[in-house]
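Asks: Got a predicted model here, sequence first, then my questions.
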Amino acid sequence: MRSAATLIALSALAASALPFSASAQAPGLGQLEIKAYQAIPKTKTAVQLSADTHLSRELRRLVMTRLTRRGNDVGFSGGNVMRMDVAYIDLQGSGREAAPGGIQSYDLAPSANPRPELPQNKFERRDGTSPPTAGPTLRITLTLYAVDTGKVIWSATTSCIAQGNRAQRTGEAMIDAIFDDADKNRLGDAGCPL
C-alpha cells in the first residue's frame, strides 16, 4: 500500500516537471503543438526523413531553409539530428501520395507492378457507422535530438486537411507556422490554408 502511494506521488511529480502534461493528447486537426524543452540550439543540424517520398523531400528542403534562416548550419552530420515524419493519409480516396500538380508520384501502368490484383478491402468500422468525413490528412512531426546524449530537445506536431493536389502547399504553410515562433512551448493554429 505504501509503495503504491509512493509511485502515485512520484508520477504526479514527474508530470508536473514536464513542460506539458504527459497525459495530454496529440493536437487535433488544424492545430500545432510545440514542446520546447530548450530553444533550438544554433549548432549544426541534420534533418532526416523517416519515409523518403517526394512530398517529404520537398518539405524537408523547406525545413532546412527555415533552420538556415535561424542561423543553424544544416548538413548530413552535426551536433543535433532532427527527425521529420511526414504522413499523408487519404482513407476516403486512393490513399496514395500525390505529387504537386495532382499527378501520382509513381507509375500506375499495368506493367508497373507485375503481381496479380489483390481484392479491394474497404476501411470501415465494424459497428456499421460511418467515420467522420474530415478528408485527407497531412501530419508533420519534427523531433530534435542531441547526438551526444540522445535526449529530445524540441518537438513539433501539426496536422491539416489537405487534398492531394494541395498537400505540398499545405505542408509549407504548416512548417511556416512552426518556425514563426519555434522556441516556446505552445498549442495553437497550424496555419492550414483555406
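Replies: Nice, thanks for sending it over.
Asks: how near is the closest residue to residue 166 other than its chain neighbours to residue 64?
Replies: In space, and not counting its chain neighbours, residue 166 is closest to residue 193: 7.2 Å by CB to CB, 6 or more residues apart in numbering. In short, each C-beta sits where N, CA and C put it, glycine included. Distance, residue 193 to residue 64, using CB to CB, to the nearest Å: 22 Å.
Asks: Same drill for those two, tell me which one is more crowded.
Replies: residue 64 (18 against 12; other CB atoms under 10 Å).
Asks: isn't there a strand covering that one?
Replies: No. Residue 64 sits outside any strand when classified using DSSP: H, G, I helix; E, B strand; the rest coil, being helix.
Asks: That one and residue 76 touch, don't they?
Replies: No. Using CB atoms under 8 Å, residue 64 makes no contact with residue 76, being 10.7 Å away.
Asks: does residue 60 sit in a helix or strand, and which one?
Replies: Here residue 60, judged by DSSP states H and E, is contained in helix 54-69.
Asks: Dump the C-alpha coordinates for that helix into CSV.
Replies: Extracted C-alpha coordinates of helix 54-69, given in CSV (Å, rounded to 0.1, in the frame of the first residue of the first chain):
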residue,chain,number,x,y,z
HIS,A,54,8.5,13.2,-53.0
LEU,A,55,6.3,15.2,-50.6
SER,A,56,8.6,14.6,-47.6
ARG,A,57,11.7,15.6,-49.6
GLU,A,58,10.2,18.8,-50.7
LEU,A,59,9.0,19.7,-47.1
ARG,A,60,12.5,18.7,-45.7
ARG,A,61,14.0,21.2,-48.1
LEU,A,62,11.8,23.9,-46.6
VAL,A,63,12.7,22.9,-43.0
MET,A,64,16.4,23.1,-43.9
THR,A,65,15.8,26.6,-45.4
ARG,A,66,14.0,27.7,-42.2
LEU,A,67,16.7,26.4,-40.0
THR,A,68,19.4,28.2,-42.1
ARG,A,69,17.4,31.5,-41.7
